[in-house]
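Student: A predicted structure for the sequence below; I have some questions about it.
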2 protein chains.
Amino acid sequence: MRATVIYGTQDIRSEDVPDPVLSTGGDAIVRVVAACVCGSDLWPYRGVVPITTPRRIGHEFVGIVEAIGSDVSKIRVGDFVIAPFYDCDMTCANCRNGVSSSCLHGGFWGADDQLGGFADGAQGELVRVSHADGTLVATPSMPAEHLIPALLTLADVMGTGHHAARSAGVTKGSTVVVVGDGAVGLCAVLAAKRLGASRIVAMSRHADRQAVATTFGATDIVQERGAEGIARIKELFDGIGPDCVLECVGTQESMEQAIRSVRPGGTVGYVGVPHGGAELPIRELFSANIGVNGGIAPVRNYIDELLPEILDGTLDPSAVFDLELPLSEAAAAYAAMDERRAIKVLLRP
Amino acid sequence: MRATVIYGTQDIRSEDVPDPVLSTGGDAIVRVVAACVCGSDLWPYRGVVPITTPRRIGHEFVGIVEAIGSDVSKIRVGDFVIAPFYDCDMTCANCRNGVSSSCLHGGFWGADDQLGGFADGAQGELVRVSHADGTLVATPSMPAEHLIPALLTLADVMGTGHHAARSAGVTKGSTVVVVGDGAVGLCAVLAAKRLGASRIVAMSRHADRQAVATTFGATDIVQERGAEGIARIKELFDGIGPDCVLECVGTQESMEQAIRSVRPGGTVGYVGVPHGGAELPIRELFSANIGVNGGIAPVRNYIDELLPEILDGTLDPSAVFDLELPLSEAAAAYAAMDERRAIKVLLRP
């Protein structure tokens, strides 16, 4: 089969690789219908996370089950399935607590310590899924073709944006600022709107992303950053700041922006994978009662909540995909996202 | 009048000082009925927070209103009042949001930048209160003498313990660990019990404090600290840890203990004033979805909720006071707490 392999900085290749094989009894082979490139895939692409040996990449996909192990009971051959960006059993204490991203027996796509052997990256034609019954969610029937992009967002970005909003405690009437205008930030806008936020500020300098944010429910756009951005946000919210700030980038600058924008007693919900040297400034948080909640989004737990609304069309995050390419052109997809020519690229095998 | 003044490390004196005078129209003079020494008063006493010039000290008191300014409308002369450990107007945006400790016009006892001039420390015979109508809470009638210690805990430690529990999201059925066996930690045990926690572990090595913790609702005592303490806690809670950890100390060691004990997806509620160099380890928090919420407790906001239960006897934190001394012996009170011969000392003018 063909799959995407990262060799190093800006070196993404589409290659022939061995087909995955069932090996644990609880696993399944899924033929990928659609995959995509994540903002976090750009960290190794840019060399921020060094690549020492070539490895498979990608962690978001939807597809059709092609084979199942003998112990699989919920998932069936022919099912259309959504996979979260990790695998999990949904039976351990952490999964039952709603934190499947900390599954005691789970792992990540592309890792080589996965139960039963190597776990394929998602940017390929086939993927072996270790805990098929826990990890995969089957739709009730074969979804219409036009729903594929929205369903694919449940693999990561919509669930992750939702996690930022949930972690910040967004509820009916909340005032919200979203830091980051990537696909996750835009989904966070949509999630905040869905949870009933009364005012949602998107911080963005790009007209195309501002347009999507507005479609998703942003009431205001702030272009300024740093001290100017913070001053502008405070000004918009009674001089004290909003109830919730959703941090969807992961840099030191974006986290500082978030912490210094939120009002006393407010909460920063963060989902940006932390990069940069700084830890959280405890005295600053303590003195103003600013809470910091978030982490690796347990998107598997959220699929059950969000899937029905995607299927009936009331929730539609598909606008985060503004470019579609064949899987064989994965390198072009990475370049387009790296150069900010695309928000998020959908790949079709 | 007589008041307590700190001159430097282990140098606490009882002195004659000028009586406070009304100066802003919105202020009141309160004759102190009972005050006390706080764990945070020990930081300057121990020299951890250096004292460069002598200053008044103490921030917890209850008393009877002796005089009011012309603009005071809610508080009356003769009222028995509880003061939080800061002053606040209860009308600004932060106070209305429940974060009166970040009052836009408030201040702290003993500070010299207080509205209308110097703010007396609470360990004295009289205290001028800047925003009397916002800061002070009057009891419906003169309380019985035996209720004075419990009422005094509303000035700080009971509200602060409650804040730790609220910040950690303690609710019916929560599993809870409390780090710190000082008066705040013990009140946090009581607060967790009151909020319906199903299991409450008090981390303590002192028999007298263990006894109070058990009276307050602790179901288990853990004596170990550091890596051993964390292992013991994990073992008690399915190998993953409790839902909530209440950090009531403020050192780097205690915060690490808290963060490493809580389960993935759990929350650390912290109220210990941060001391020591470390900031919060964002990668550790991110990878396990550990939330950190808390700060300077908005105890004024909590008095309304807790006072009725103190008055009807259903909530009784008074056991945190295990020594009572005359105000003139404040130095002995500090020494007793510093040497851990007393949990918390009540002072009577």
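Tutor: Perfect, I can see it now.

Student: Please give the element, helix or strand, for the closest residue to residue A:96 other than its chain neighbours.
Tutor: Excluding its sequence neighbours, the residue lying closest to residue A:96 (C-beta to C-beta, 6 or more residues apart in numbering or on different chains) is residue A:90, at 7.8 Å. Every residue, glycine included, has its C-beta placed from N, CA and C. Take DSSP states H and E as the rule and residue A:90 turns out to sit in neither a helix nor a strand.

Student: got a list of what residue A:90 touches?
Tutor: By C-beta atoms under 8 Å, 6 or more residues apart in numbering or on different chains, the residues touching residue A:90 are A:96, A:100, A:103, A:131, A:133-135, A:300.

Student: repeat that for 7 Å
Tutor: Neighbouring residues of residue A:90 by C-beta atoms under 7 Å, 6 or more residues apart in numbering or on different chains: A:100, A:134, A:300.

Student: so what's residue A:113 scoring on pLDDT?
Tutor: On pLDDT, residue A:113 comes in at 64.

Student: ok, now the one 10 residues further on?
Tutor: What the model reports for residue A:123 is a pLDDT of 96.

Student: now swap in residue A:260 and tell me
Tutor: The confidence metric pLDDT takes the value 97 at residue A:260.

Student: Look up how far residue A:179 lies from it.
Tutor: Residue A:260 is 11 Å from residue A:179, where distance means C-beta to C-beta, to the nearest Å.

Student: Identify the bridge partners of residue A:35.
Tutor: For residue A:35, the beta-bridge partners under DSSP bridges are residue A:61, residue A:347.

Student: Number of residues surrounding it?
Tutor: For residue A:35, the neighbour count with other C-beta atoms under 10 Å in any protein chain shown is 31.

Student: before we move on, what about residue A:264?
Tutor: The tally of other residues near residue A:264 (other C-beta under 10 Å) stands at 23.

Student: Distance check, it against chain B.
Tutor: Separation of residue A:264 from chain B (C-beta to the nearest C-beta, to the nearest Å): 4 Å.

Student: Please give me every residue in contact with that residue.
Tutor: Contacts for residue A:264 (C-beta under 7 Å, 6+ apart) come out as A:240, A:288-289, B:94, B:99, B:102.

Student: Among those, give me the pair with the biggest separation.
Tutor: Largest separation among those by C-beta to C-beta: A:240 and A:289, giving 12.1 Å.

Student: can you give me the helices in the stretch 201-349 of chain A?
Tutor: A:207-216, A:226-236, A:252-261, A:282-288, A:299-311, A:330-338 (DSSP state H, counting those that start in this stretch).

Student: Can you tell me which of the ones you listed is nearest to chain B?
Tutor: Closest of those to chain B is helix A:282-288, at 4.4 Å (criterion: C-beta to the nearest C-beta).

Student: what's next to that closest one, contact-wise?
Tutor: By C-beta under 7 Å, 6+ apart, the list of residues contacting helix A:282-288 reads A:259, A:264, A:292, B:102, B:274, B:279-280, B:295-296.

Student: ok, 10 Å please
Tutor: Outside helix A:282-288, the residues within contact range by C-beta atoms under 10 Å, 6 or more residues apart in numbering or on different chains are A:240-241, A:256, A:259-260, A:262-266, A:268, A:281, A:290-292, B:94, B:99, B:101-102, B:250, B:252, B:255, B:270-276, B:278-280, B:292-296.

Student: Run through the stretch 1-150 of chain A and note the low-pLDDT ranges.
Tutor: The stretch 1-150 of chain A contains residues with pLDDT under 70 at A:113-117.

Student: How about the residues of it by chain B?
Tutor: A:92-94, A:97-104 (C-beta under 10 Å from any C-beta of the partner chain).

Student: Pipe the residues you listed into TSV and attach secondary structure per row.
Tutor: Converted to TSV, these look like this (DSSP: H, G, I helix; E, B strand; the rest coil):
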residue	secondary structure
A:92	coil
A:93	helix
A:94	helix
A:97	coil
A:98	coil
A:99	coil
A:100	helix
A:101	helix
A:102	helix
A:103	coil
A:104	coil
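
Student: Of the residues you listed, which is the most crowded?
Tutor: Ranked by neighbour count (other C-beta under 10 Å), the residues of the stretch 1-150 of chain A next to chain B have residue A:100 at the top, with 29 neighbours.

Student: my read: that residue touches residue A:300, true?
Tutor: Yes: assessed by C-beta atoms under 10 Å, residue A:100 is found in contact with residue A:300 at 4.2 Å.

Student: Mutual contacts of these two, please.
Tutor: Common contacts of residue A:100 and residue A:300 (C-beta under 10 Å, 6+ apart): A:84, A:86-88, A:90, A:106, A:134-135.

Student: Among those residues, name the ones in helices.
Tutor: Per DSSP state H, helices hold the following members of the shared contacts of residue A:100 and residue A:300: A:134-135.

Student: Can you tell me which of the shared contacts of residue A:100 and residue A:300 has the most neighbours?
Tutor: Of these, with other C-beta under 10 Å as the count, residue A:87 tops at 29 neighbours.

Student: measure that residue to chain B for me?
Tutor: 16 Å.

Student: Sounds good, over and out.
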